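**Q** sequence plus the predicted model coming up.
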Amino acid sequence: MLAAWACDPSRSRGRRHREASASDRSEHQRDRDRIVHSTAFRRLVYKTQVFLNHEGDLFRTRLTHSLEVAQLGRSVAKRLSLGEDLVEAMALAHDLGHTPFGHAGQDALQQCMSEHGGFEHNLQSLRVVDQLEKRYPDFDGLNLTFEAREGILKHCSRRHAARLEAIEPGGVGRRFLDGTQPSLEAQIVNLADGMAYNAHDIDDGLRSGLLRLEMLDEVPLYRRLHSDVLRDHPGLDRQPGRRVIFEVQRRLLSLQVNDLVDTTEAALRDAAPGSADAVRRSPPLARFSDALREENRELETFLFRALYRHPQVEDSTAKARKVVAELFEAYRSAPDEMPEDFRQEEDRHRAVADYIAGMTDRFAIREHHRLTGSSPFGQGF
Ligand code: MG
């Protein structure tokens, strides 16, 4: 049973290209299935989240990150009687437009495209599902429903929103011009994204050795959960293995999910939106309590300083930027080095950006070596 404010797939705003409905699946289940079968989705397994794909087999990749976002999002959606399939679809697709090498790749591509229409990864995710996947006889893209596309376009500059609005009046660009909100399902995915990366970046940071447990005790939220675990399980920290870390991790995620559900339920009780469209016209209704939001902010500040700005991460970042910038220049000056469908695109800079954005880390490294002869990450990758 869906709540009155949920996105009901039987009342979807529909797809850009008309299609007969499926008898066996809802419209949002179909969206999810199309995303799972897309080429861009399979590439996520070889794309960096924080640690480069070749740095270790146990770190998160964009794929495992997206699965964790889907799991957390579904848990919250179920408890709030929201559309679980829609949440899953958006979670699995939210990072499809990410470049190789995580944020380093994205920053480099942004710089390369700054004079040529810009590059935004959220917009690129929408571009992947609207245009770049070419697998249906009658249209480009996956032809997802409005609701899925609305959530995939998480952020968008006014300039790009105006361009989208011109192509598709009243479509997914509109809310960035009006200052309205997306569906509750989209709001939940957005918060689940942050929940997932804050928690898994701690785990990956500890696994890599760049973070140590003592450092995390500077973060009040972590310190509290860590001492709760040791109080409930005396001696667990003296056992070999990582049980303490996993138990703190588990409590951290439960705390976030429970807080989000309780705070959002209270907000929904107050606002009592009568429909999914009433949610879009309300201020953001999915939210954490003020206290947890503040604690999450402290955690993020810590991660930024101790992990994302760690010299070893920065070293990989600098190399990744160089690979992306040099690849961009190589294809721009020799477009014949790209596959045929990218050579046919009229806007050459956009074609190069699309091609590079779609690459996995290791393909980008191999192409960079083929075109420039250099190996910034060393031989053998
Ligand atoms: Mg993400």
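**A** Nice, thanks for sending it over.
**Q** what separates the residue nearest the centre of the chain from Ala70, distance-wise?
**A** Centroid check for the chain by C-alpha atoms, centre = their mean gives Asp95 as the closest residue, at 3.6 Å. Distance from Asp95 to Ala70, counting by C-beta to C-beta, to the nearest Å: 11 Å. For glycine as for every other residue, the C-beta is placed from the backbone atoms N, C-alpha and C.
**Q** same question, Arg321
**A** Using C-beta to C-beta, we find Arg321 at a distance of 30 Å from Ala70.
**Q** cool, and Val244?
**A** 27 Å.
**Q** and if you look at Leu221?
**A** Where Ala70 is concerned, Leu221 sits at a distance of 24 Å (C-beta to C-beta).
**Q** Gln187 now?
**A** 15 Å.
**Q** same check, this time on Glu120
**A** 22 Å.
**Q** what residues does the stretch 1-150 of the chain have near the ion?
**A** Asp95 (C-beta under 5 Å from the ion).
**Q** ok, now with 6 Å
**A** By C-beta under 6 Å from the ion, the residues of the stretch 1-150 of the chain that approach the ion are 65, 94-95.
**Q** just checking, what's the longest helix in this protein?
**A** Counting by DSSP state H, the longest helix found in the chain is helix 243-271.
**Q** centre of the chain to it, how far?
**A** On the basis of C-alpha atoms, centre = their mean, to the nearest Å, helix 243-271 sits 20 Å off its chain's mean C-alpha point.
**Q** same question for stretch 338-350.
**A** 26 Å.
**Q** quick one: contacts for Val364?
**A** Wrong residue type there; residue 364 is Ala, not Val. 100-101, 105, 323-324, 327, 356 (C-beta atoms under 8 Å, 6 or more residues apart in numbering).
**Q** most neighbours among the residues you listed, which one is it?
**A** Pro100 (30 neighbours; other C-beta atoms under 10 Å).
**Q** hmm, back to that, pLDDT added to the contacts of Ala364, as JSON lines?
**A** Converted to JSON lines, the contacts of Ala364 look like this (pLDDT from 0 to 100):
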{"residue": "Pro100", "pLDDT": "93"}
{"residue": "Phe101", "pLDDT": "91"}
{"residue": "Gly105", "pLDDT": "93"}
{"residue": "Val323", "pLDDT": "96"}
{"residue": "Val324", "pLDDT": "97"}
{"residue": "Leu327", "pLDDT": "98"}
{"residue": "Ile356", "pLDDT": "98"}
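**Q** number of residues surrounding Arg332?
**A** 16.
**Q** so who does it touch?
**A** 348-349, 352.
**Q** and the pLDDT at it?
**A** Predicted confidence (pLDDT) for Arg332: 96.
**Q** try Leu72
**A** For Leu72, pLDDT reads 98.
**Q** what does Leu80 give?
**A** 98.
**Q** also Phe381?
**A** The predicted local confidence for Phe381 is 57.
**Q** sounds good, over and out.
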